[in-house]
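K.L.:
Provided below are the primary sequence and the corresponding predicted coordinates.
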Amino acid sequence: MIYHIFIVAISIYIVFMDIRYRRIPDAAVSALVLVGFCYMLNYQSYSHHITGGVIIPLVVFGVGFMLAVHNIIGMGDIKLLSVTLLLCPAPWQPDIIYFVIFSGGVWALMWHFLLTRISMVFRIDTVKEGIPYGIPIAAALCLFTFIR
């Protein structure tokens, strides 16, 4: 249970930083990796789910790196998505990708047409450009962490 609290706390920090600065700190992603691996090592019954779950995160990271080089998506989002996929069992990884794509599309529409018009969000958002895509990824991490 303590691992879930850490994952949610780090995810909330990532969401705030992504909304405010459009940056996902490497320290936060590293902390997620550390907490996730401690969780996996603590629960031996979970460790058998990890095998074979490295291919999709590596492919996502490679494709995302190419997209980041061309300034299509931020590298922090790619690192967060790769870590999210790495920390979840291999059979769930396609579901996570579909969830992030669908919820990210809904989030982009909400952000562009609705949320930026709320004064509190407008004051917190210092960048005013782009869409903080780390929010759907962090939501997927929290959701798929709790449904194990």
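P.N.:
In hand now; what should we look at? Numbers count the residues shown, from 1 in each chain.

K.L.:
Could you report the neighbour count for residue 145?
P.N.:
By other CB atoms under 10 Å, the residues close to residue 145 number 19. C-betas here are computed from N, CA, C, even on glycine.

K.L.:
Please apply the same query to residue 57.
P.N.:
19.

K.L.:
same question for the helix or strand containing it, mean pLDDT?
P.N.:
Following DSSP states H and E, one finds residue 57 within helix 55-69. Taken as a whole, helix 55-69 has an average pLDDT of 95.

K.L.:
Which secondary structure elements does the next helix or strand after it sit against?
P.N.:
Toward the C-terminal end, the helix or strand that comes next after helix 55-69 (DSSP H and E) is helix 75-86. For helix 75-86, the packing partners by 3 or more CB pairs under 8 Å, 6 or more residues apart in numbering; DSSP states H and E come out as helix 26-42, helix 55-69, helix 93-113, helix 134-146.

K.L.:
Distance-wise, check the nearest residue to residue 144 once chain neighbours are set aside relative to residue 129.
P.N.:
In space, and not counting its chain neighbours, residue 144 is closest to residue 88: 5.1 Å by CB to CB, 6 or more residues apart in numbering. To residue 129, residue 88 is 31 Å away according to CB to CB, to the nearest Å.

K.L.:
And residue 35, by the same measure?
P.N.:
According to CB to CB, residue 35 and residue 129 sit 31 Å apart.

K.L.:
The two - which one has more neighbours?
P.N.:
Between residue 35 and residue 129, counting by other CB under 10 Å, residue 35 is the more crowded of the two (20 against 6).

K.L.:
can you give me phi and psi for the residue lying closest to the more buried one once chain neighbours are set aside?
P.N.:
Among residues not flanking residue 35 along the chain, residue 6 sits closest, at 4.6 Å (CB to CB, 6+ apart). Phi and psi for residue 6, reported as degrees, to the nearest 10, are phi -60, psi -40.
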